[in-house]
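1. all I have is the shape, not the residue letters:
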DNA sequence: CCAAAAATCATGGAAAAAGGGGAGTCTTTT
DNA sequence: AAAAGACTCCCCTTTTTCCATGATTTTTGG
């Protein structure tokens, strides 16, 4: 029997995209879609799919909240988060609210199928980078050198590379190197995320 | 009678600089200097100055800790923090530890004199920007608009302007405007400080 | 309704960060 | 002694941020 799939996304483009990606899959039956919380819940009263692909951003509404609502009322329905971006916090919230997986909207046909087939088995599926990031985040202990800690703290205090260089009596490029190493170690995309992760991991503290 | 001034800084350049700035001041007597915690405390056992100009960074040692130590043992000695940068957290710590003032190392002769004459009167002196920042920081409640909060959260999640623009379905320049407004409202120099202040003020939360 | 606030978009330039490489000196550890 | 790690420095390019200035539309509140 085909897996019944339901899509919740406030953009028809996305719904259409998933349709065309999956239309030739015999094992999958697209049993409907919704563009908002209300119509999703309404549909579920009539019929329950096996899996719901659910956008995290539903315009003014939140897919994260909807996920919770759905899982509360229909715990046997698997929810897979959908989002354009690889945002750890959102991924985590979806999972915390009972989602079984997370795929990026630029997922390939193969990846989407893998997500569906994995999740339907009751296992968790996390899209490519999302997975590694989240796992790394949970398991790896981050060890910084003395210098890195110093630089990190000054970065968080709003100092630029050249200001840090003056403060630590080293060259600009040295600070830049440390900064790069910090980004790599904390797996941050940029300074903003670096600071947030550093605080999250208590590598620096707010009143430091 | 001249004001007796003592300098603690781990860089002779700085000590020399202050000397030359103040050598023609009849009202000020430079009664000594130290480059570390131990020699500072040793000096104080022999003789107490009226004011200590104290670097916040003493190499491996902390001026902030020294400040506390000095004020504990010699509460009548005024301590003025010295630092290259305008770091709110450090300024606050110095003040919390009993310092009467804070001047930047690029202070002019006039500013330095003003600091000394203000502090000797038992009043608090905060160098230029330091003052306004700190005060603003303590009193003003920061009110963000709905959009600003959204942008702020995405910034903290490591998204760039163009990514945020895509996520919120607005143009790049709009996001840039919001970003600028956020920097102004939170009085942050850059993204790093923005994120830190936002977390400090609980405008966003670490697991948000 | 009207005024104020918020949200939107733009142009253009300077500064800073991000990302890639490579490389030498030290110290500590094996 | 060799390896490993830390710290230092430099070049280059692209992307992003930061800043100033100005303007229009929408929303909101009295």
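-> Nice, thanks for sending it over. It should be emphasised that the depicted structure is a prediction, and the values quoted were computed from it without experimental measurement.

2. for chain A, what spans make up the strands?
-> Secondary structure of chain A (DSSP state E): strands located at A:3-8, A:28-34, A:51-55, A:57-58, A:61-62, A:78-83, A:101-104, A:125-126.

3. what residues sit buried inside the third one?
-> Pointing back at strand A:51-55 there. For strand A:51-55, burial by neighbour count (16 or more other Cβ atoms under 10 Å in any protein chain shown) applies to A:51-55. For every residue, glycine as well, the C-beta is placed using N, CA and C.

4. how about the residues of chain A near DNA strand C?
-> Contacts of chain A with DNA strand C, taken as Cβ under 7 Å from any atom of the strand, map to A:160-162, A:176-177, A:179-180, A:183, A:189-191, A:194.

5. just checking: which of those residues also lie near DNA strand D?
-> Among the residues of chain A next to DNA strand C, the residues within reach of DNA strand D (Cβ under 7 Å from any atom of the strand) are A:176-177, A:190.

6. so which of the residues you listed are in helices?
-> Using DSSP state H, the members of those that fall in helices are A:176-177.

7. give me the buried subset of the ones next to DNA strand D among the residues of chain A next to DNA strand C.
-> The buried subset of these - by 16+ other Cβ under 10 Å - is empty.

8. which residue ends up closest to the midpoint of chain A in space?
-> Chain A has residue A:91 as the residue nearest its centroid, 3.4 Å off, counting by Cα atoms, centre = their mean.

9. nearest to residue A:18, out of the buried residues of strand A:51-55: which one, please.
-> Proximity of those to residue A:18 (Cβ to Cβ) peaks at residue A:53, which lies at 6.5 Å.

10. specify the beta-bridge partners of that closest one.
-> residue A:7, residue A:80 (DSSP bridges).

11. same thing with the one 5 residues further on?
-> On DSSP bridges, the residues paired with residue A:58 through beta bridges are residue A:61.

12. that older thread, most neighbours among the residues of chain A next to DNA strand C, which one?
-> For the residues of chain A next to DNA strand C, neighbours were counted using other Cβ atoms under 10 Å in any protein chain shown, and residue A:194 has the most, 25 neighbours in all.

13. isn't that one right next to residue A:186, touching?
-> Yes: in terms of Cβ atoms under 8 Å, residue A:194 counts as a neighbour of residue A:186; the distance is 5.7 Å.

14. could the strands of chain A go into TSV alongside mean pLDDT and distance to residue B:31?
-> Shown next, in TSV, are the strands of chain A (pLDDT from 0 to 100; distance: least, Cβ to Cβ, whole Å):
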stretch	mean pLDDT	distance to residue B:31
strand A:3-8	91	75
strand A:28-34	91	79
strand A:51-55	92	70
strand A:57-58	75	65
strand A:61-62	74	65
strand A:78-83	89	65
strand A:101-104	86	66
strand A:125-126	86	66
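
15. possible to save those strands as TSV with distance to residue B:69?
-> Below are the strands of chain A laid out as TSV (distance: least, Cβ to Cβ, whole Å):
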stretch	distance to residue B:69
strand A:3-8	61
strand A:28-34	65
strand A:51-55	58
strand A:57-58	53
strand A:61-62	52
strand A:78-83	52
strand A:101-104	52
strand A:125-126	51
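
16. for residue B:202, which of those is the nearest?
-> Distance to residue B:202, taken as Cβ to Cβ, is lowest for strand A:61-62 among the strands of chain A, at 19.9 Å.

17. for stretch A:18-35, which residues meet the burial criterion?
-> Residues of stretch A:18-35 classed as buried by neighbour count (16+ other Cβ under 10 Å): A:18, A:21-22, A:25, A:28-35.

18. quick one, helices of chain A?
-> A:12-22, A:37-46, A:63-73, A:88-96, A:109-119, A:128-139, A:146-156, A:161-168, A:172-186, A:191-200.

19. comparing those helices by mean pLDDT, which bottoms out?
-> Lowest mean pLDDT of these: helix A:128-139, a mean of 57.
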